[in-house]
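Q: structure, please.
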Amino acid sequence: MSGRTDFHGAAETKDGTLFRRGNTHYPVGVEYPFVVGLVLLSTIACESFEGVAATEAGAGDAGRPTDAGPALDAADAGCAQTIDKTAQRDWRWAFVTSAQFAGEIRYTPTGAAQDAGTGELTGVRAADAYCTDVGVARLGGRRYLAYLATDVRADMRFIDAGPWRTANGATVFDSQGAMAGAPSASLAVLPTGCPVPDAESTRVWTGSSSGGARAALCPGWTTSVDAGTSVDAGATPEGTYGDARKLDASWQGIGRSSCASAARLYCFEVIPN
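A: Numbering: from 1, shown residues only. Okay, the predicted model is just below:
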């Protein structure tokens, strides 16, 4: 039997494979379980807070977002807006995502969008779920949709909706009809109200021309490899993107890029509080 005093001044005795600290016995080798617990909690907290840095070069694993979305916004405390998520309002929110996706969009709902389905979603359903999870968590409301063309124009997803504001208070569109033209203010605003940093890309998938017509689409927004419908089977197709910093019609259509590359999404609220 041996004895010692720990750094808190608590007497401990050790005998064989057990040691006693106060009235509690622990296996030898786990002499400070409270320290181990603190380390584990600190590690989990840091991982949850920091997320994974977004990259322009690629879109993570098979089209999943290249960052943890809302968690990264903690770095924007200097410009973040305080939003009353329960307030009644006569406008809807709009934002561009901090996350970037490949043209094969994948996302597993974690918040308000869980009623959209369980497990990992793909395509426009995944994009809508991501927009809803982030939008409801940051801004309130009940449902957000991604501005993506499918078998119909992207703006047709927002009939009878609007006006839309970004979280910094600027109105971007008065109505769904205005989406075919130029935004009234920059759309390069995150759901915190902070602008996308100058050094980062504001390329946004839309599948739309500058006038809003359907343009090049990543196939169903569910794959980054063509099945043979538009180019040679097995090749990498292209999707149309806009630029969120543009204050003209090119906000939704300015160029094409490989569906294996990464771009953001536009999210527009459709069901407020």
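
Q: any regions of this protein where pLDDT drops low?
A: The model of the chain has pLDDT under 70 over residues 1-64, 66-77, 116-118, 226-234.

Q: strands of that one, start to end?
A: Listed in chain order, the strands of the chain (DSSP state E) span residues 2-5, 11-15, 18-21, 24-27, 92-96, 106-107, 121-122, 143-146, 164-165, 171-173, 203-205, 238-243, 255-258, 266-271.

Q: the fifth one to strand 266-271, inter-axis angle?
A: Interaxial angle of strand 92-96 relative to strand 266-271 (axes from the mean of the first three to the mean of the last three Cα atoms, to 10 degrees): 160 degrees.

Q: list the helices and strands strand 92-96 packs on?
A: helix 123-139, strand 164-165, strand 266-271 (3 or more Cβ pairs under 8 Å, 6 or more residues apart in numbering; DSSP states H and E). Every C-beta, even on glycine, is put in place using the N, C-alpha and C of the backbone.

Q: CSV for these, including distance to residue 178 and mean neighbour count?
A: Below are these laid out as CSV (distance: least, Cβ to Cβ, whole Å; neighbours: other Cβ atoms under 10 Å):
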stretch, distance to residue 178, mean neighbour count
helix 123-139, 20, 24
strand 164-165, 9, 24
strand 266-271, 12, 23
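
Q: out of the ones you listed, which is closest to residue 151?
A: helix 123-139 (10.3 Å; Cβ to Cβ).

Q: and the helices and strands packed on strand 92-96 as CSV, adding distance to residue 174?
A: Output for the helices and strands packed on strand 92-96, formatted as CSV (distance: least, Cβ to Cβ, whole Å):
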stretch, distance to residue 174
helix 123-139, 19
strand 164-165, 8
strand 266-271, 13
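
Q: out of those, nearest to residue 239?
A: Across the helices and strands packed on strand 92-96, closest to residue 239 is helix 123-139 (Cβ to Cβ), at 12.3 Å.

Q: give me the angle between the closest one and strand 266-271.
A: 70 degrees.

Q: with just CA atoms, put helix 123-139 into CSV.
A: Taking Å, rounded to 0.1, in the frame of the first residue of the first chain, the C-alpha atoms of helix 123-139 are listed here in CSV:
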residue,chain,number,x,y,z
GLY,A,123,-30.1,16.7,-55.7
VAL,A,124,-32.5,19.6,-55.3
ARG,A,125,-34.0,17.9,-52.2
ALA,A,126,-30.6,18.0,-50.6
ALA,A,127,-30.0,21.6,-51.5
ASP,A,128,-33.5,22.6,-50.2
ALA,A,129,-32.8,20.8,-46.9
TYR,A,130,-29.5,22.5,-46.5
CYS,A,131,-31.0,25.9,-47.1
THR,A,132,-33.8,25.2,-44.7
ASP,A,133,-31.6,23.9,-41.9
VAL,A,134,-29.3,26.9,-42.1
GLY,A,135,-32.0,29.5,-42.8
VAL,A,136,-34.3,28.5,-39.9
ALA,A,137,-31.4,28.2,-37.5
ARG,A,138,-29.9,31.6,-38.4
LEU,A,139,-32.9,33.7,-39.5
